[in-house]
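Asks: After the sequence you'll find the predicted model.
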Amino acid sequence: MSRILLPFLTALAAALVAVPAASARTVNYWIAAKPMTWNEIPNQRDAIMGTHYSPSQTVFPTVVYKRYTRDWKRPLRNVGAGTSNQDDIPGPLIRARVGDRIRVHFKNMDTVFKRVHSMHFHGVHYRPSSDGAYLPGFSGRDAAVEPGHSYIYTLHAGSDSVGVWPYHDHSQSMEESIAGGMYGMLSILGPGQKRPDREFEVVFAPMGQFQTIDGRAFVGNTPVFTSKVGETVQWDVMAMGSEHHTFHVHGHRWRAADGTYKDTQTVGPAETFVFRWHEDAPGTWLYHCHVEAHMMAGMIGIYRVRR
């Protein structure tokens, strides 16, 4: 094969991965940057150590990604019913399948801090106009959506997009936004892959003086995930911030990509991993970060399996 033809074919193959088929469906999401008052520890207590906290230590104003109906008419839960007893952090789980075009209609409703915000997506294909990352002199409105304004991000789920990926604010407000819980996940299924019966989102992230799971700290505040024996359960695990964590769930194992079984896996900033199992272990189990200092600072929760 000629040296001229080979690069052309390589580029063509990459393009075919990035561009969905003409018959692919379009998935629409309506999401806003919404100000709210957040409480990391609603019951004001670390149940394991018996420590009590005051609202002045745990309550603060922030901005989160919130899901809405079309044209931002009515707010919706970020997570599906029966998935978690928590909401608002992380942002809406954006679900799609390989070949889909994803249109994310984003509106900046930040009337408290009045900051610009954006959405930057990992793991999917897009043009520079949907990158959402602020770079002076190069980026456009996608990277700095002003309060009261909106923008549409257009994404494509390629064959290399299967799995779970982060999205987050990448505007000039990125540091404050991520510290306040402004992040979420995309969950992309492969062709013919069945959706699980339960899909749990676990985001490890520092928040103030605490280490949180989905923006909450300590058992009784962190998400309680529930399933039933016989169900297919999927765990979407992500870290945000600047620290590494190790996800561990008691009484269970999962098969890693190399075929070995694991019950603990490390995840770094903006990294994700996903796994499934067929649930067969009824009872109440712990899940947590196995960096002990992180667990004792709040990164621990409960997983309940019913018969």
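Replies: The structure has been received and is ready for your questions.

Asks: Which parts of the stretch 201-307 of the chain are helices?
Replies: Using DSSP state H, counting those that start in this stretch, the helices of the stretch 201-307 of the chain run over 292-296.

Asks: Am I right that R67 is in contact with D87?
Replies: No - with contact defined as Cβ atoms under 8 Å, R67 does not reach D87; the gap is 9.6 Å. In short, each C-beta sits where N, CA and C put it, glycine included.

Asks: And the lowest mean pLDDT element among the helices and strands of the chain?
Replies: Using mean pLDDT, DSSP states H and E, helix 5-18 stands out as the lowest-scoring helix or strand of the chain, at a mean of 40.

Asks: what touches both of R67 and D87?
Replies: Taking Cβ atoms under 8 Å, 6 or more residues apart in numbering as the contact rule, R67 and D87 both touch R77, N78.

Asks: More neighbours: those two, which one.
Replies: R67 (22 against 18; other Cβ atoms under 10 Å).

Asks: Name whatever forms a beta bridge with that one.
Replies: Beta-bridge partners for R67, by DSSP bridges, are I31.

Asks: Contacts only, for A293.
Replies: Q211.

Asks: for T51, same thing?
Replies: R45.

Asks: can you map out the strands along the stretch 101-250 of the chain?
Replies: 101-108, 120-121, 150-156, 163-168, 183-189, 198-207, 210-213, 224-228, 232-239, 245-249 (DSSP state E, counting those that start in this stretch).

Asks: Tell me the buried residues in the third one?
Replies: Taking 16 or more other Cβ atoms under 10 Å as the basis for neighbour counts, the residues of strand 150-156 that come out buried are S150, Y151, Y153, T154, L155, H156.

Asks: remind me which residues of the stretch 51-200 of the chain are low pLDDT?
Replies: Low-confidence segments of the stretch 51-200 of the chain, defined by pLDDT under 70: 80-83.

Asks: just to revisit the earlier point, go through the buried residues of strand 150-156 and name the one nearest V249.
Replies: Among the buried residues of strand 150-156, L155 lies closest to V249 (Cβ to Cβ), at 30.6 Å.

Asks: C-alpha coordinates for the helix or strand encompassing Y65, CSV please?
Replies: Per DSSP states H and E: Y65 is located in strand 59-68. What follows is strand 59-68, C-alpha atoms only, in CSV (Å, rounded to 0.1, in the frame of the first residue of the first chain):
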residue,chain,number,x,y,z
VAL,A,59,-24.4,24.2,54.5
PHE,A,60,-23.3,26.5,51.6
PRO,A,61,-24.7,28.0,48.4
THR,A,62,-23.5,26.4,45.1
VAL,A,63,-24.5,25.8,41.5
VAL,A,64,-25.4,22.4,40.2
TYR,A,65,-26.5,20.8,36.8
LYS,A,66,-30.2,20.2,36.9
ARG,A,67,-32.3,18.3,34.4
TYR,A,68,-35.5,19.9,33.0
